[in-house]
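>>> Dropping a prediction and its sequence here:
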Amino acid sequence: MSAPAVLRQQKTPLLPDINTSKISAQDRKVRSHTQKKSRPTTDNGQTSHITKDEISLYRNTQSQNVCVAMLREGFHHSFEELFFLLRRFEEARRAGGPDNPLWYLPSLQDQPDKLHTLQRHLTKAEVAFRAGNFVEVYEEQLTLARYFTGPGEDWLSLHFHQQALRSAQRVKLDGGRKEAEANANMARVFLEQGQLDLAKEHFEVFYRLSQERPWWDATGRTLQHCACEGLCVVYTQLAQGALQSQEYELAIEILNKAFSIAKEADDEEIQGQVAYWVGLANHCVGDLDTAKQYFSMSLNITTVLGDTENQGRAYKAIAKSLESDGKLAEAVQHLEKFAEVSRSNKQQENLEEACMSMGSIYSNRGEYDRGLEYLQQAYEIAKTVGNVGWLQRAQVCVGMTHAQRMLPSFSTHTTNATPDHIRRILTWKDRRQDTFD
């Protein structure tokens, strides 16, 4: 076949030549369409670009974003404080490893709500500080102190209460009210934590600043009354510790001071509670007359106020004082009133204690039948409540009283030792009867 007759097939490449610089119109159209689809556009058709800041919102942690925002806005002091708190929280959480209860709590930097709360109030406080508005600084710090109330956050609350106290001390135009309130808050925090000496120190400052000041709290009480109440509470707890350590003279000294402040507050409820502890301290040193005087004062106040729990406690204290003085009949009378008050108010623990005390007194006086009557009541109460400790104590006392009641008759039978007496002793050992009648 000749060459002209043969249609030579031209080879068409599958892909375009990568070395050529020419781009077809169709290729340009496809590329332009693809690029337009990949770029986000605004409402007016203009192409928008994602900034580095927007990317960082997704790539960085919440704490990093909060810290960066603070620094960019010029809140360097707020950033420094937040960074310190984050680091301290981590150190406290990791200390001790899995044995530390904080170990299982989420890290502060993993809690966005708390991070943003810190950011908001710290920056507001810094703005107020720059303006010299220390009242607003105090309010922002107090808000944070009251915000952190969850498990493991007590140190955060204390931190901001301390900051609030420093700010309150710089407020000069309120006569010291903010400083008084800040000291009261600090005292209550330390009281909850059991740091009584520090609580006493701040309550005393609160008391001094609020003296003869016409300041009222939200409930309508004067701040001076609140200071007296707080001081009485902390003094009473300090005195209780002294009593447990048998430092009776120190306890009496502290309680006398507390009673004086309670009288100044003109609050009968506080006076009744403090009077009980003054009486107890004097009872411990053997001053029974003074003890009965304060116990009676406590009883009268609680009776007027209808405070049945403390009323029963006063009856019990007077009964013990009378028992120590050898006046058992009067002691039993007060114990019966203690039992009556406890029974009417369904105070099972107090009722059990009253019955046990009366049963012991009657048993010690040789009135075993009467003693068994009250001890049996205590035993039944213990069974009803299901308290194993009470039940075991009542069982022992009931058994001892039964044995003491049988002892004279048993001794008579043993001494006489006639066949009939021996037979009755053997019968008792077999049947465990209570008497030899």
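Nice, I can see it.
>>> Any idea how many residues pack against residue 346?
Under the neighbour criterion other C-beta atoms under 10 Å, residue 346 is assigned a count of 8. Just so you know, the C-beta spots here come from the backbone N, C-alpha and C atoms, and that holds for glycine as well.
>>> SS state for it?
At residue 346 the chain is in coil, as set by DSSP: H, G, I helix; E, B strand; the rest coil.
>>> Quickly note the distance from it to residue 381.
Distance, residue 346 to residue 381, using C-beta to C-beta, to the nearest Å: 11 Å.
>>> do residue 335 as well
Separation of residue 335 from residue 381 (C-beta to C-beta): 15 Å.
>>> what sits against residue 257?
Residue 257 makes contacts with residue 235, as judged by C-beta atoms under 8 Å, 6 or more residues apart in numbering.
>>> Give me the pLDDT value at residue 102.
Per-residue confidence (pLDDT) for residue 102: 74.
>>> Contact partners for residue 246?
residue 284.
>>> SS state for it?
coil.
>>> same check, this time on residue 394
Quick answer, by three-state DSSP: residue 394 is helix.
>>> again, but for residue 218
Relying on three-state DSSP, one would call residue 218 coil.
>>> Got the phi and psi for it?
phi -70, psi -20 (degrees, to the nearest 10).
>>> Distance-wise, check it relative to residue 226.
According to C-beta to C-beta, residue 218 and residue 226 sit 11 Å apart.
>>> between those two, who's got more neighbours?
Using other C-beta under 10 Å as the criterion, residue 218 and residue 226 rank with residue 226 on top: 23 against 5.
>>> Excluding chain neighbours, what is closest to the more buried one?
The shortest distance from residue 226 to any non-neighbouring residue, by C-beta to C-beta, 6 or more residues apart in numbering, is to residue 217 (6.2 Å).
>>> Could you verify my assumption that that neighbour touches residue 223?
Yes - applying C-beta atoms under 8 Å, one finds residue 217 in contact with residue 223, separated by 6.2 Å.
>>> quick one: which of these two has more around it?
The residue with more neighbours, out of residue 217 and residue 223, is residue 223; 21 against 12, by other C-beta under 10 Å.
>>> so how far is residue 158 from that one?
Applying C-beta to C-beta to residue 223 and residue 158 gives a distance of 22 Å.
>>> now do residue 419
Counting by C-beta to C-beta, the separation of residue 419 from residue 158 is 82 Å.
>>> Comparing those two, which shows the higher neighbour count?
Higher neighbour count among residue 419 and residue 158: residue 158, with 18 against 7, using other C-beta under 10 Å.
>>> any idea which element that one lies in?
Using DSSP states H and E, residue 158 maps to helix 154-168.
>>> In PDB, could you pull the C-alpha coordinates for that helix?
C-alpha atoms of helix 154-168 as PDB (Å, rounded to 0.1, in the frame of the first residue of the first chain):
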ATOM      1  CA  ASP A 154     -10.700  26.600  99.700                       C
ATOM      2  CA  TRP A 155      -7.100  28.000  99.200                       C
ATOM      3  CA  LEU A 156      -8.400  30.000  96.200                       C
ATOM      4  CA  SER A 157     -11.100  31.500  98.300                       C
ATOM      5  CA  LEU A 158      -8.600  32.300 101.000                       C
ATOM      6  CA  HIS A 159      -6.300  33.900  98.500                       C
ATOM      7  CA  PHE A 160      -8.900  36.300  97.200                       C
ATOM      8  CA  HIS A 161     -10.100  37.100 100.700                       C
ATOM      9  CA  GLN A 162      -6.600  38.100 101.600                       C
ATOM     10  CA  GLN A 163      -6.400  40.200  98.400                       C
ATOM     11  CA  ALA A 164      -9.700  41.800  99.300                       C
ATOM     12  CA  LEU A 165      -8.400  42.700 102.800                       C
ATOM     13  CA  ARG A 166      -5.400  44.400 101.400                       C
ATOM     14  CA  SER A 167      -7.600  46.400  99.100                       C
ATOM     15  CA  ALA A 168     -10.100  47.300 101.900                       C
END
